[in-house]
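K.L.:
What would the 3D arrangement of this be:
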Amino acid sequence: MRILIIHQNFPGQYRHLVGALLARGNRVQAIAAPHAPGLARIPLLRYHLPQPDAVPAAHGWAQDFQIKVIRAEAVIQLLRERSTALPRPDLILGHPGWGELLAIKDHWGDVPVLHQLEFVYQLQGGDADFDPEFPLLPEARSRLRLRRATQLMAFHDLDWALAPTHWQASTAPKEFRQRVSVIHEGIDTTAIAPRSGSEVRLAHRKLRFQPGDEVVSFVARNLEPYRGFHTFLRSLPLLQRLRPRAHVILVGAEGVSYGAAPAAGGSWKQVLLAELDDQLDLSRIHFVGQVPHPVLHDLFRVCACHVYLTYPFVLSWSLLEAMACGAVVIGSDTPPVAEVIEHGRNGLLVDFFAPQALAEQMAAVLADPAGHRQLGEAARATVVEGFDLQRICLPRQLELVDWLAGGGAASRGNGRGVPASPGATPSVRGPYPPQVERWAGRSPQPS
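P.N.:
Next up is the predicted model:
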């Protein structure tokens with residue numbers, strides 16, 4: 001089977017799946033933007049983007065649409081120019097959020113496409129109108145409504161989609177949800193696991209932390225409100241009063257991944273530290289920037305508790321990796337976190353907007369680590385039973401790939417194929433891929 005992956009930052013979410021495809025003899029090629037890191041053994045063609053000064057001006061509300069159309073055109077031009085290097089695939093995998101798939105059906109109309117459904121912008125009930133500290137102003141709402149245009153267009157050409165959580169799947173329009181399978185990218189629970197002898201060193205402060213020390217961890221790609229950085233930092237004055245020996249280690253850069261930068265300039269770290277001036281003992285708060293993955297896992301193994309807060313948005317891999325390492329997680333009671341953590345069973349949940357409650361919950365865990373240890377054990381069991389890369393996620397992904405490449409979506413009916421009979425028995429060409437869970441309007445515990 002020949003598979004083409006189109007992703008501006010290839011390999012993106014496909015690193016593990018690509019390895020599994022190669023291992024069973026499939027041929028894989030990729031198309032990506034100029035900056036994509038690529039992957040060994042995978043032929044990669046990079047599409048070209050025009051220089052900024054060569055792009056015609058557009059209305060402010062249309063700029064996002066224009067950027068995605070430019071990507072769509074670049075991909076189609078590359079396919080036409082390099083037709084000999086890119087023979088017709090049996091299946092295309094791609095992320096519709098960047099616009100690269102907008103015109104793909106005009107080149108290969110009969111090739112099934114599997115979309116990576118991370119998140120569809122929501123006008124209500126999602127990230128945009130969640131935080132009253134940063135209200136969604138009328139003009140911003142209009143911009144957001146128009147940013148949905150390419151996402152909604154992609155659904156009308158949808159063969160099938162793949163979402164990592166049920167809640168993320170539920171952000172798709174209702175009429176398309178029956179073409180969405182819920183399968184996470186997967187966590188390597190063999191490598192990402194509890195390990196005796198783990199430690200974390202902060203050489204610049206001559207500190208070494210081991211299991212049993214009062215360490216709280218907080219991890220985000222960037223330290224910003226989307227991931228609850230403002231709530232977390234505002235909880236620390238009380239935590240430090242309640243637990244005067246506790247140390248806090250924050251991993252993350254000082255830029256912005258999802259939200260907006262502070263209106264007055266600078267970083268959110270600078271803004272929050274200025275707000276909390278003289279309320280924090282900074283000798284016990286450690287901003288370490290971005291760290292190598294193995295170091296991050298050691299932090300999860302060492303910490304007495306790990307805090308993960310987020311707007312209703314895409315679930316971070318870091319949460320599941322912390323759980324896989326057996327960390328006691330305190331998460332925000334927001335989707336999709338509450339889909340993974342059940343309060344009091346495999347972790348703890350707090351109100352996203354309640355820094356005092358967060359501080360008190362962290363202090364309770366630090367005061368009684370033995371009494372909370374079973375939460376970390378149950379957290380790891382949740383990931384092993386529901387998100388294990390080799391036993392669960394990769395087999396289901398491969399099964400979905402085979403089903404779709406074999407014409408499964410056409411038998412289901414997508415506006416181009418023949419609708420499947422309601423009582424059809426699942427098979428390679430059946431109405432739904434066997435053993436692959438579809439989104440069904442619910443958010444069950446994975447374990």
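
K.L.:
mind listing the helices for the stretch 251-400 of the chain?
P.N.:
268-275, 293-302, 317-324, 337-340, 355-367, 369-386, 394-405 (DSSP state H, counting those that start in this stretch).

K.L.:
Out of those, flag the one nearest residue 7.
P.N.:
helix 394-405 (15.0 Å; CB to CB). Where you see a C-beta, it was placed from the backbone N, CA and C, and this is true even at glycine.

K.L.:
Show me what that closest one is packed against.
P.N.:
helix 15-23, strand 91-94, strand 113-116, strand 160-163 (3 or more CB pairs under 8 Å, 6 or more residues apart in numbering; DSSP states H and E).

K.L.:
one step back: let me have the helices of the stretch 251-400 of the chain in JSON lines, adding distance to residue 109 as columns.
P.N.:
Below are the helices of the stretch 251-400 of the chain laid out as JSON lines (distance: least, CB to CB, whole Å):
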{"stretch": "helix 268-275", "distance to residue 109": "46"}
{"stretch": "helix 293-302", "distance to residue 109": "40"}
{"stretch": "helix 317-324", "distance to residue 109": "35"}
{"stretch": "helix 337-340", "distance to residue 109": "36"}
{"stretch": "helix 355-367", "distance to residue 109": "52"}
{"stretch": "helix 369-386", "distance to residue 109": "37"}
{"stretch": "helix 394-405", "distance to residue 109": "15"}
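
K.L.:
quick one, which of the ones you listed is packed in tightest?
P.N.:
helix 317-324 (a mean of 25; mean count of other CB atoms under 10 Å).

K.L.:
What's the mean pLDDT across it?
P.N.:
The pLDDT scores in helix 317-324 average 98.

K.L.:
Check which helices and strands it is in contact with.
P.N.:
Applying 3+ CB pairs under 8 Å, 6+ apart, we find helix 317-324 packed against strand 215-222, helix 293-302, strand 305-308, strand 329-332, helix 337-340, helix 369-386.

K.L.:
got CSV for these, with distance to residue 285 and mean pLDDT too?
P.N.:
Listed next are the helices and strands packed on helix 317-324 as CSV, based on distance: least, CB to CB, whole Å; pLDDT from 0 to 100:
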stretch, distance to residue 285, mean pLDDT
strand 215-222, 10, 98
helix 293-302, 15, 97
strand 305-308, 13, 98
strand 329-332, 17, 98
helix 337-340, 24, 98
helix 369-386, 20, 98
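
K.L.:
And these: which comes nearest residue 284?
P.N.:
The closest of the helices and strands packed on helix 317-324 to residue 284 is strand 215-222. By CB to CB, the value is 9.9 Å.

K.L.:
How are the strands of the stretch 151-300 of the chain distributed by residue range?
P.N.:
In the stretch 151-300 of the chain, the segments counted as strands under DSSP state E, counting those that start in this stretch are 160-163, 180-182, 200-202, 207-209, 215-222, 247-253, 285-287.

K.L.:
would you turn the ones you listed into CSV with mean neighbour count and distance to residue 393?
P.N.:
Listed next are the strands of the stretch 151-300 of the chain as CSV, based on neighbours: other CB atoms under 10 Å; distance: least, CB to CB, whole Å:
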stretch, mean neighbour count, distance to residue 393
strand 160-163, 25, 11
strand 180-182, 24, 11
strand 200-202, 16, 28
strand 207-209, 16, 32
strand 215-222, 23, 21
strand 247-253, 22, 25
strand 285-287, 18, 33
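
K.L.:
what would those look like in TSV with distance to residue 366?
P.N.:
TSV is the format used below for these (distance: least, CB to CB, whole Å):
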stretch	distance to residue 366
strand 160-163	36
strand 180-182	35
strand 200-202	16
strand 207-209	13
strand 215-222	7
strand 247-253	10
strand 285-287	15
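
K.L.:
Out of those strands, which gets nearest to residue 312?
P.N.:
Of those, nearest to residue 312 by CB to CB is strand 160-163, at 14.3 Å.

K.L.:
how distant is that closest one from the center of its chain?
P.N.:
Put simply, strand 160-163 sits 14 Å off its chain's centre (CA atoms, centre = their mean, to the nearest Å).

K.L.:
Point out the other helices and strands that that strand packs with.
P.N.:
Checked by 3+ CB pairs under 8 Å, 6+ apart, strand 160-163 has strand 113-116, strand 180-182, helix 394-405 packed alongside it.

K.L.:
that older thread, may I see the helices and strands packed on helix 394-405 arranged in JSON lines, with distance to residue 256 and mean pLDDT as well?
P.N.:
Shown next, in JSON lines, are the helices and strands packed on helix 394-405 (distance: least, CB to CB, whole Å; pLDDT from 0 to 100):
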{"stretch": "helix 15-23", "distance to residue 256": "25", "mean pLDDT": "97"}
{"stretch": "strand 91-94", "distance to residue 256": "25", "mean pLDDT": "98"}
{"stretch": "strand 113-116", "distance to residue 256": "23", "mean pLDDT": "97"}
{"stretch": "strand 160-163", "distance to residue 256": "25", "mean pLDDT": "96"}
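
K.L.:
out of the ones you listed, nearest to residue 48?
P.N.:
Closest approach to residue 48 among the helices and strands packed on helix 394-405 (CB to CB): strand 91-94, 18.1 Å.

K.L.:
phi, psi of the nearest residue to residue 118 once chain neighbours are set aside?
P.N.:
The spatially closest residue to residue 118, leaving aside those adjacent along the chain, is residue 314, at 5.4 Å (CB to CB, 6 or more residues apart in numbering). When read as degrees, to the nearest 10, the backbone of residue 314 gives phi -70, psi 130.

K.L.:
What score does residue 314 have for pLDDT?
P.N.:
So residue 314 comes in at 97 (pLDDT).

K.L.:
surely it meets residue 168?
P.N.:
Yes - at 6.5 Å, residue 314 counts as touching residue 168 under the criterion of CB atoms under 8 Å.

K.L.:
If you count surrounding residues, which of those two has more?
P.N.:
Ranked by neighbour count (other CB atoms under 10 Å), residue 314 and residue 168 place residue 168 first, with 24 against 18.
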